[in-house]
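Peer 1: Kindly generate the corresponding structure for this input.
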Amino acid sequence: MIEILETKDYNLLAEMNEEIQLYHHQMQPNIFKPYNREAVRSFFRTTLTNENAVALIAKEYETVLGYVLLFKIKFADNPFQYSRNYILIDQILVLKKYQLKGIGKQLLEATHTFAKSNYIENIELNHWTKNTIARNFFMKSGFEYYNEKMWKVIE
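Peer 2: Take a look at the predicted model:
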């Protein structure tokens with residue numbers, strides 16, 4: 001049985017992050033750095049002290065299968081947009097050997113439950129365009145595009 005639990009274990013998150021960081025580095029080496037365990041460990045240690053940051057892990061018995069890193073965001077009212085609160089999924093990972101078993105879906109369901117319990121109506125995320133696996137997963141999970149980002153590389 002899979003449990004979804006909150007964690008502050010930055011060492012665990014840093015260890016799991018290696019798989020996705022290596023994937024991102026291979027996909028976009030001009031943007032993503034090679035995995036640096038100590039730097040990633042420091043990132044998670046600092047991030048998890050933020051009261052608006054939450055890390056959830058998927059665990060089966062003693063085996064951790066994946067995680068999601070969330071931020072509660074408060075967007076201030078301005079002349080162009082209304083104020084709003086939302087959950088930002090900053091990172092989500094199911095370790096490769098545990099993928100296609102519904103674990104990502106359970107992490108998203110736990111995120112949904114967390115949002116509802118905090119009276120937040122939206123969950124937002126982004127993914128890299130080349131990551132079609134993520135695109136398909138999020139679309140299948142009910143996410144839809146509302147804003148798209150573009151760039152032009154200057155050579």
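Peer 1: Could you pull out the strands in this structure for me?
Peer 2: For the chain, the strands defined by DSSP state E occupy 2-7, 53-60, 63-75, 84-94, 122-125.
Peer 1: And the first one, how far out from the chain middle?
Peer 2: Distance of strand 2-7 from the chain centroid (C-alpha atoms, centre = their mean, to the nearest Å) equals 15 Å.
Peer 1: what's in contact with it?
Peer 2: With C-beta atoms under 8 Å, 6 or more residues apart in numbering as the test, strand 2-7 has contacts from 13, 54-60, 65, 67, 103, 106-107, 109-110. For every residue, glycine as well, the C-beta is placed using N, CA and C.
Peer 1: Which among those residues count as buried?
Peer 2: Buried members of those, counted by 16 or more other C-beta atoms under 10 Å: 13, 54-59, 65, 67, 103, 106-107, 110.
Peer 1: Same list (the strands of the chain) but as a markdown table, adding distance to Q28 and mean pLDDT.
Peer 2: As requested, those are exported to a markdown table (distance: least, C-beta to C-beta, whole Å; pLDDT from 0 to 100):
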| stretch | distance to Q28 | mean pLDDT |
| --- | --- | --- |
| strand 2-7 | 28 | 97 |
| strand 53-60 | 24 | 98 |
| strand 63-75 | 19 | 97 |
| strand 84-94 | 15 | 97 |
| strand 122-125 | 17 | 97 |
